[in-house]
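Engineer: let me see the structure of the following:
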Amino acid sequence: MMVDKSNGIIVLTLVCLAIYLFVSAPPPLETNKSEEASIPVEQLFKLLQAENAAVRALWTQEIVGSGTKAGLKFDEHWRDKDLEAGPLPALFLRETAKSLEKSPVRISLFLGSDFPISPDNRFEGLQQDKFQLLRQTQQAQFFYVTDTHLYTGMFADVAIAEPCIDCHNKHQQSPKRDWRLRDIMGGTTWLYPAPAVSLEELFRVLTVFHQSVQEAYSTYLDKVKTFANPPVLGEHWPREGYYLPSGEVFMREVLARTAPQTLSLIQQSIHRLEVPDHASHR
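Structural biologist: Predicted coordinates for the structure are as follows:
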């Protein structure tokens with residue numbers, strides 16, 4: 001049976017994706033891959049943002065939203081020993097970002113705003129200018145920061161659930177108290193030190209992101225195990241009662257939600273490798 005080149009590469013990509021994402025972390029690169037780097041970093045940022053948005057929605061709706069109805073608590077001071085609570089959505093993202101920072105892969109993530117609860121999360125300078133442009137156009141912004149030598153991708157952080165706006169509107173330190181659903185509350189921002197990546201580097205960054213999400217969730221489960229009356233951990237979700245999914249079940253749902261779009265974006269990247277820009281405009 002004949003298999004055309006595109007399908008062959010896609011099959012190979014799926015195999016590689018399975019190895020990288022579902023089995024183990026890739027070993028360190030043995031050679032300098034910069035000469036093979038031909039996927040624009042903007043494509044990497046779009047892929048990561050799609051993954052992060054899916055994780056954010058899962059955490060907000062299935063853990064925080066349903067969990068609160070089931071009797072679980074979530075609080076900005078969730079790490080306090082005497083408080084039986086978990087991280088709010090923005091803090092779960094921060095936990096993920098902290099894990100990313102510990103990785104040898106130089107991908108960074110943070111959530112900023114022009115009206116942050118914490119002053120440390122306020123955009124300044126070029127980032128503030130780009131965020132205002134994002135607000136006006138509702139389009140992601142990609143730019144290079146000369147003083148840090150980092151390429152940047154900034155995406156809208158939209159209020160998708162009532163708990164998000166309730167928290168910000170009622171918080172004593174919030175500089176803005178009239179947030180509504182679908183408002184752009186901030187900008188999810190990715191940083192990377194190169195203008196392009198190879199396919200292998202793309203898989204490496206994606207793997208590190210999944211590992212960071214898993215570590216963030218494991219940190220929450222470790223806290224849950226200290227509760228006087230901890231929820232049952234296993235196959236069930238808070239929407240079914242006083243339960244929490246195990247780490248394996250949580251990551252299985254993350255991969256189920258992210259895989260279709262991730263594969264689509266990877267296929268787009270492969271297509272660009274096969275069809276140079278000058279050829280596509282003929």
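
Engineer: mind giving me the packing neighbours of the longest helix seen in the chain?
Structural biologist: If you go by DSSP state H, the chain has its longest helix at helix 247-274. When contacts are defined as 3 or more C-beta pairs under 8 Å, 6 or more residues apart in numbering; DSSP states H and E, helix 247-274 sits against helix 5-18, strand 39-40, helix 41-57, helix 199-224. In short, each C-beta sits where N, CA and C put it, glycine included.

Engineer: what residues sit buried inside whichever helix or strand comes after the last one?
Structural biologist: Think helix 199-224. Using DSSP states H and E, the helix or strand that follows helix 199-224 in sequence is strand 232-234. Across strand 232-234, burial judged by 16 or more other C-beta atoms under 10 Å covers residue 233.

Engineer: and strand 232-234, which strands flank it?
Structural biologist: strand 243-245 (parallel) (DSSP bridges).

Engineer: compute the mean per-residue pLDDT across the strand it pairs with, please.
Structural biologist: The pLDDT scores in strand 243-245 average 98.

Engineer: ok, which of the helices and strands packed on helix 247-274 comes nearest residue 256?
Structural biologist: helix 41-57 (9.5 Å; C-beta to C-beta).

Engineer: and the closest one, how far out from the chain middle?
Structural biologist: 6 Å (C-alpha atoms, centre = their mean, to the nearest Å).

Engineer: what pLDDT, on average, does it get?
Structural biologist: Mean predicted confidence for helix 41-57 is 95.

Engineer: next one: stretch 128-140
Structural biologist: 96.

Engineer: contacts for that stretch, please.
Structural biologist: By C-beta atoms under 8 Å, 6 or more residues apart in numbering, the residues outside stretch 128-140 that reach it are 45-46, 49, 112-114, 122-123, 141, 143, 152-156, 184, 187.

Engineer: how about it: buried residues?
Structural biologist: 130-131, 134, 140.

Engineer: those residues in helices, which ones?
Structural biologist: Of the buried residues of stretch 128-140, the ones assigned to helices by DSSP H are 130-131, 134.

Engineer: just the CA atoms of stretch 47-58, as PDB, please.
Structural biologist: Extracted as PDB, the C-alpha positions of stretch 47-58 are listed here (Å, rounded to 0.1, in the frame of the first residue of the first chain):
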ATOM      1  CA  LEU A  47       0.300  25.400  20.800                       C
ATOM      2  CA  LEU A  48       1.200  26.000  24.400                       C
ATOM      3  CA  GLN A  49      -1.600  28.500  24.800                       C
ATOM      4  CA  ALA A  50      -4.100  26.100  23.400                       C
ATOM      5  CA  GLU A  51      -2.900  23.500  25.900                       C
ATOM      6  CA  ASN A  52      -2.900  26.000  28.800                       C
ATOM      7  CA  ALA A  53      -6.400  27.200  28.000                       C
ATOM      8  CA  ALA A  54      -7.700  23.600  28.100                       C
ATOM      9  CA  VAL A  55      -6.000  23.000  31.400                       C
ATOM     10  CA  ARG A  56      -7.300  26.300  32.800                       C
ATOM     11  CA  ALA A  57     -10.900  25.500  31.800                       C
ATOM     12  CA  LEU A  58     -10.600  22.000  33.300                       C
END
